[in-house]
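Asker: just a sequence and a predicted model for now, questions to come.
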Number of protein chains: 2
Amino acid sequence: MLSISPKSQNMRRTKEEAEQTRNAILEAAVDVFTEKGVARATLEQIAKAANVTRGAVYWHFKNKTDIFVALHDELHRPFIQDLVDGLENTGDDPLQSLKSYCIELVTRLEDDLYLRRVLSLFLLKCDYTGSLQVCQERTIDARREKSEVLSKFFEKAQSKGTLSADLDPKTLTLALNCFMRGIAMEYLENADTMSIREEAPKLFSVFFRKWN
Amino acid sequence: MLSISPKSQNMRRTKEEAEQTRNAILEAAVDVFTEKGVARATLEQIAKAANVTRGAVYWHFKNKTDIFVALHDELHRPFIQDLVDGLENTGDDPLQSLKSYCIELVTRLEDDLYLRRVLSLFLLKCDYTGSLQVCQERTIDARREKSEVLSKFFEKAQSKGTLSADLDPKTLTLALNCFMRGIAMEYLENADTMSIREEAPKLFSVFFRKWN
DNA sequence: TTTAAAATACATTCATGTATGTATGTTGTC
DNA sequence: GACAACATACATACATGAATGTATTTTAAA
């Protein structure tokens, strides 16, 4: 939580300071959203958590949806893009490096509390009916791109002979997507009782078992 | 949508008729919840969809949460219990029958529109922060039981020699849970463009590949 | 001086919960 | 079996609070 520089109240900020309160509002929004859920979160609560008034919030954002969209664009979409990038560099054994990457990815959920909170927000603490629907639609491209990269990945592995030719890349892609998503949700729901660092290697060993 | 018998308004109903309007309210709630999302759904909308007034709703239920809990108890918890029961009968080849059961289960999502709507409601159209949290907690037992049955299932398969002994039943259970959940969510989100009847056999063939 | 970055004040909407009305079903009593 | 007494199953009306959006004001930066 960014704390605003302690000027006397109602003092006009410089450009950088303004940008700073904007960020403070966004960070506060993550907190309030994850605690109360997006729907029950109120702008007053967000403002208070950011040490400002609703006036500041309305100065920077149109409404609650606008805040959520901003967060989604800043955090969730880049996250999916990260997945894409992380798959670009192919090692000698594509399948093995893919497996390692998957493990590292979900393990990051255990290490990076902020990532966990953010992802939990977008996967668990909101529903995308109504005004939040646009967020899904906007990430469709990123998701599709991710799937295509994955498919190419499997095809490459097949051409290298490290992946059995009778496995359909499209199906493998869908399967891995579902599996990852399920793991993420399961962990985010039970982060207190579950150790992903222990489970992830075992889980993906089962999943990638004898694919070659 | 159950239609109430066309009596003139404000006429007292018999016990059975009252039970009927209670059901009408619940069915209407499913509709409104899935369309608007649980949070944005209003009791007025539910009442209107059930052809009653809010008075009737408040007669049968304490508030919106009460309605949701009733639905959850009537529909989601039994569904998990169904999973448990469906796994009890072990065929000659446990692993093969498990695979068939999984396929049949997700295929049911495509055939049974109502099931799809209901499951979509509980997996997609609500978040369990706040007052809805009790629902999760109440299903914990059912989920744990389901996992235990699955584990026993794998152990049995191992003792019969149809499942490799080096696979950990606990891990397989968790993996399958995650996989199923991911598939369900992926399909529910894209029910219009995705054919589960085609994908499910391929997906589970990948998942259960060479486990023996 | 003008304008950006807020705070403050105000109006409005909207959903909720509750209180009340009311017509009818139900039940015990004779 | 009739009838009073009561309970039930709602509809209607109302009070309230809470969140929202906007209009206005304040302060200092540019």
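Answerer: Looks like it arrived, so ask away. Numbering: from 1, shown residues only, chains lettered A, B, ... in the order given.

Asker: in the helix or strand containing residue A:119, what counts as buried?
Answerer: Here residue A:119, judged by DSSP states H and E, is contained in helix A:113-123. Applying a neighbour-count criterion of 16 or more other Cβ atoms under 10 Å in any protein chain shown, one finds A:116-123 buried in helix A:113-123. In short, each C-beta sits where N, CA and C put it, glycine included.

Asker: Serialize those to TSV and add fields for distance to chain B and pLDDT.
Answerer: Formatted as TSV, these follow (distance: Cβ to the nearest Cβ, whole Å; pLDDT from 0 to 100):
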residue	distance to chain B	pLDDT
A:116	15	95
A:117	13	96
A:118	15	94
A:119	14	95
A:120	10	97
A:121	10	97
A:122	11	97
A:123	9	97
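
Asker: just give me how far the helix holding residue A:119 sits from the chain centre.
Answerer: Distance, stretch centre to chain centre, for helix A:113-123: 6 Å (Cα atoms, centre = their mean, to the nearest Å).

Asker: which elements pack onto it?
Answerer: Packing partners of helix A:113-123 (3 or more Cβ pairs under 8 Å, 6 or more residues apart in numbering or on different chains; DSSP states H and E): helix A:15-36, helix A:77-88, helix A:94-111, helix A:169-189.

Asker: ok, the second one near chain B or not?
Answerer: Okay, so that is helix A:77-88. No: with Cβ under 8 Å from any Cβ of the partner chain as the criterion, chain B is not reached by helix A:77-88; the gap is at least 14.6 Å.

Asker: surely residue A:49 is in contact with residue A:32?
Answerer: Yes: here residue A:49 reaches residue A:32: they are 5.5 Å apart, a contact under Cβ atoms under 8 Å.

Asker: so these two - more neighbours on which side?
Answerer: Set side by side, residue A:49 and residue A:32 show more neighbours around residue A:32, with 23 against 19, by other Cβ atoms under 10 Å in any protein chain shown.

Asker: residues touching the more buried one, list them.
Answerer: A:41-42, A:45-46, A:49 (Cβ atoms under 8 Å, 6 or more residues apart in numbering or on different chains).

Asker: from those residues, which two are the most distant?
Answerer: A:42 and A:49 (10.6 Å; Cβ to Cβ).

Asker: tell me the most packed of the contacts of residue A:32, by neighbour count.
Answerer: In these, the most neighbours by other Cβ under 10 Å go to residue A:46, 26 neighbours.

Asker: run the contact check for the host helix or strand of that residue versus DNA strand D.
Answerer: Per DSSP H and E: residue A:46 is located in helix A:43-49. Yes: against DNA strand D, helix A:43-49 shows contacts by Cβ under 7 Å from any atom of the strand at A:43-44.

Asker: quick one: the next helix or strand after that helix to chain centroid distance?
Answerer: Using DSSP H and E, the next helix or strand after helix A:43-49 towards the C-terminus is helix A:54-60. Remark: helix A:54-60 is offset 26 Å from the chain centroid, using Cα atoms, centre = their mean.

Asker: what residues does helix A:54-60 touch?
Answerer: Here helix A:54-60 has contacts from A:21-22, A:25, A:43-44, A:46-47, A:50, A:67, using Cβ under 8 Å, 6+ apart.

Asker: would you turn these into CSV with distance to DNA strand C and pLDDT?
Answerer: Formatted as CSV, those follow (distance: Cβ to the nearest atom of the strand, whole Å; pLDDT from 0 to 100):
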residue, distance to DNA strand C, pLDDT
A:21, 4, 94
A:22, 6, 96
A:25, 9, 97
A:43, 11, 97
A:44, 10, 97
A:46, 11, 97
A:47, 7, 97
A:50, 9, 96
A:67, 14, 97
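
Asker: if we can go back for a sec, so of the helices and strands packed on helix A:113-123, which one's packed in deepest?
Answerer: Using mean count of other Cβ atoms under 10 Å in any protein chain shown, the stretch among the helices and strands packed on helix A:113-123 with the largest mean neighbour count is helix A:169-189, at a mean of 20.

Asker: thinking again about what came up before, work out the gap between the helix holding residue A:46 and the centre of the chain.
Answerer: The answer for helix A:43-49 is 23 Å, by Cα atoms, centre = their mean.

Asker: need the residues that contact it.
Answerer: A:1, A:25, A:28-29, A:31-32, A:36, A:53-54, A:56-58, A:63-64, A:67.

Asker: what packs against the lowest-mean-pLDDT helix or strand in chain A?
Answerer: Least confident helix or strand, chain A: helix A:77-88 with a mean of 86, by mean pLDDT, DSSP states H and E. Helices and strands touching helix A:77-88, by 3+ Cβ pairs under 8 Å, 6+ apart, are helix A:94-111, helix A:113-123, helix A:133-159.

Asker: let's see it at 7 Å
Answerer: helix A:133-159 (3 or more Cβ pairs under 7 Å, 6 or more residues apart in numbering or on different chains; DSSP states H and E).

Asker: buried residues in the helix it packs on?
Answerer: A:135, A:139, A:142, A:146-147, A:149-154, A:157-158.

Asker: that helix near chain B at all?
Answerer: No: Helix A:133-159 lies apart from chain B when judged by Cβ under 7 Å from any Cβ of the partner chain; the minimum separation is 7.9 Å.

Asker: could you do stretch A:204-212 as well?
Answerer: Yes: for stretch A:204-212 and chain B, the contact criterion (Cβ under 7 Å from any Cβ) is met by A:206-207, A:209-210.

Asker: give me the contacts around that stretch.
Answerer: Here stretch A:204-212 makes contact (Cβ atoms under 7 Å, 6 or more residues apart in numbering or on different chains) with A:95, A:99, A:102-103, A:162-164, A:167, A:179, B:167, B:171-172, B:175, B:209-210.

Asker: picking up where we left off before, what is the nearest of the buried residues of helix A:113-123 to residue B:83?
Answerer: Distances from residue B:83 to the buried residues of helix A:113-123, taken by Cβ to Cβ, are shortest for residue A:123, at 22.3 Å.

Asker: could you dump the helix holding residue A:119 to PDB, C-alpha only?
Answerer: Output in PDB follows, covering the C-alpha atoms of helix A:113-123 (Å, rounded to 0.1, in the frame of the first residue of the first chain):
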ATOM      1  CA  LEU A 113       2.100 -13.400  -2.700                       C
ATOM      2  CA  TYR A 114       1.100 -10.400  -4.900                       C
ATOM      3  CA  LEU A 115       0.800 -12.600  -7.900                       C
ATOM      4  CA  ARG A 116      -1.300 -15.000  -5.900                       C
ATOM      5  CA  ARG A 117      -3.600 -12.200  -4.700                       C
ATOM      6  CA  VAL A 118      -4.000 -10.800  -8.200                       C
ATOM      7  CA  LEU A 119      -4.700 -14.100  -9.900                       C
ATOM      8  CA  SER A 120      -7.100 -15.100  -7.100                       C
ATOM      9  CA  LEU A 121      -8.900 -11.800  -7.800                       C
ATOM     10  CA  PHE A 122      -9.400 -12.500 -11.500                       C
ATOM     11  CA  LEU A 123     -10.100 -16.200 -11.100                       C
END
